[in-house]
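*Asks:* here is a sequence with its predicted model. Questions after.
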Amino acid sequence: MSDPTPLTGLLPLLGSAFLAGAVTQLARQLARPVPPRARMVTALAAAAGIAALTVVALLTALLRPAPAPALLLAAACVTGWSGPGILTRLGTLLERKLGLPPEAAREGAGERESWHIRRPSRGSD
């Protein structure tokens, strides 16, 4: 499933996907009745951009013939709206397809480290 397009040829597409995902999440966060702190908004927008970039890269590599750019842009926006949590679900799906054991079984008895975005307290920024 090798893609003959070199990475430099994909950079505009991947950059557009990142930007579309980030701007979509930024709009979602700023549309909330009480917008979260600037740092939180920035982190969510960056994470959504990375998620959108990942989904578009996977679609580009896996689908043949290559999807239309409009479809890829739509996928980036939908991913951006959904946010970075989609990467967790996508990772779990890929691990199952590869036949890897669940994450808890790989880590053994140690406590699982995870990254969660916490709601800020009302008085801090």
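*Replies:* Arrived safely, thanks for sending.
*Asks:* and the residue positioned nearest the centre of the chain, what helix or strand is that in?
*Replies:* Nearest to the mean C-alpha position of the chain, by Cα atoms, centre = their mean, lies A51 at 1.3 Å. Secondary structure from DSSP states H and E places A51 in helix 38-62.
*Asks:* next, the buried residues of that helix.
*Replies:* 40-41, 44-57, 59-60 (16 or more other Cβ atoms under 10 Å). Just so you know, the C-beta spots here come from the backbone N, C-alpha and C atoms, and that holds for glycine as well.
*Asks:* that one packs against which elements?
*Replies:* If contacts are counted by 3 or more Cβ pairs under 8 Å, 6 or more residues apart in numbering; DSSP states H and E, helix 38-62 sits against helix 7-30, helix 69-82, helix 85-98.
*Asks:* and those helices as CSV, adding mean neighbour count?
*Replies:* What follows is the helices and strands packed on helix 38-62, written out as CSV (neighbours: other Cβ atoms under 10 Å):
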stretch, mean neighbour count
helix 7-30, 17
helix 69-82, 19
helix 85-98, 12
